[in-house]
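Q: What follows is a predicted structure for the sequence shown.
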Amino acid sequence: MQLHSQISCRVPILVFLCLLSNLGCEAQEDVNFGAKVKPPPEVDEPEATGSSNTVELQQIDIPAREHGYQHFDTCLINSAAELQTFLESVAEEPHWNKKPEFIEAINKFDLDFSTESLLLVRDTEGSGSIKVWLQTPVLLNRTLVIRIGKERPGIATLDMAYYCFALVVPRGMADSVKIFGSNTSSRFMHDKDGKRKHRQGHRKDIELALEDN
């Protein structure tokens, strides 16, 4: 009877020691002592080329968010005639909230198209709760790189939001401009006959050629 009692007491202890031994072996298999950590791959991003490649562009103080921006896409305006045609089109478009402020800000800046161009960067978001901003432009291999930064909340509202940034680009600064993060800007497009029809799809990246003179 006493022998049976001693065996019964020792069995749980033996089981416990076996479990500890197995755990130690499993943990040892997962540890690779002396292994070198492989560095993450380098990313070819404009931001990684250094602050010396960042550029400062003048920005015209137009309304950041405006329902009327749905009527046009990202575009580059290179002459006074092109600007006049653009503003005349804006004057006839409906559903603007701050149309006079937009036109006044563009005209008040008094652009010199002999030395600079007007770049209108558009973005459309499916929710007004998404924060949108323009990151610092970068000049990379004669290409002006512009990125639109965005911050999405956990819960978003269901209102459409149309944004525009008006940038003054000096002529000769770059050969082209690439814009990343820009969703399809307008709901409409024009066919060959000039008739407006509904736009389909989205585009994220835009590339435009810049004029030297």
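A: That came through, no problem.

Q: going forward, measure contacts and count neighbours with C-alpha atoms only.
A: Noted.

Q: For this protein, which segments count as helices?
A: For the chain, the helices defined by DSSP state H occupy 2-30, 80-92, 99-109.

Q: can you give me the angle the shortest one makes with helix 80-92?
A: Comparing the axes of helix 99-109 and helix 80-92 via axes from the mean of the first three to the mean of the last three CA atoms, to 10 degrees yields an angle of 160 degrees.

Q: Which elements pack onto helix 99-109?
A: Under the contact definition 3 or more CA pairs under 8 Å, 6 or more residues apart in numbering; DSSP states H and E, helix 99-109 sits against strand 58-60, helix 80-92.

Q: Go ahead and name everything in contact with it.
A: 60-63, 68, 87, 90-91 (CA atoms under 8 Å, 6 or more residues apart in numbering).

Q: for the protein, what are the low-confidence residue spans?
A: Confidence mapping of the chain against pLDDT under 70 gives the ranges 1-52, 184-204, 213.

Q: all strands in it, in order from the N-terminus.
A: Listed in chain order, the strands found in the chain under DSSP state E are 58-60, 75-77, 116-125, 131-134, 138-140, 143-151, 161-170, 176-180, 188-190, 196-198, 206-209.

Q: name the helices or strands packed onto the first one?
A: Contacts of strand 58-60 with other secondary structure elements, assessed using 3+ CA pairs under 8 Å, 6+ apart, are made with helix 99-109, strand 161-170.

Q: next one: the second one
A: The elements that strand 75-77 packs onto, with contact taken as 3+ CA pairs under 8 Å, 6+ apart, are strand 116-125.

Q: Now tell me what touches the strand it packs on from outside.
A: Residues contacting strand 116-125 (CA under 8 Å, 6+ apart): 69-70, 73-79, 111, 160-171, 179, 182-186.

Q: What of stretch 82-97?
A: For stretch 82-97, the surrounding residues in contact (CA under 8 Å, 6+ apart) are 66-69, 71, 77, 99, 103.

Q: which of those has the most neighbours?
A: Within the contacts of stretch 82-97, neighbour counts (other CA atoms under 10 Å) peak at Tyr69, which reaches 27 neighbours.

Q: Spatially nearest residue to it, not counting backbone neighbours?
A: Tyr162 (5.8 Å; CA to CA, 6 or more residues apart in numbering).

Q: Quick one: residues contacting the one you found.
A: 65-70, 122-125, 185.

Q: if you set the cut-off to 7 Å instead, what comes out?
A: Going by CA atoms under 7 Å, 6 or more residues apart in numbering, Tyr162 touches 65-67, 69-70, 123-125.

Q: Looking at those, which one is closest to Ile148?
A: Within the contacts of Tyr162, the smallest distance to Ile148 is 8.3 Å, found for Asp123 (CA to CA).

Q: ok, what's across the strand from the closest one?
A: Tyr163 (DSSP bridges).

Q: ok, it to Lys178 distance?
A: Asp123 sits 14 Å away from Lys178, going by CA to CA, to the nearest Å.

Q: So between those two, which is more surrounded?
A: Higher neighbour count among Asp123 and Lys178: Asp123, with 25 against 15, using other CA under 10 Å.

Q: Please tell me how far the more buried one sits from Leu111.
A: In terms of CA to CA, Asp123 sits 23 Å off from Leu111.

Q: Could you do Glu207 as well?
A: For Glu207, the distance to Leu111 - CA to CA - is 23 Å.
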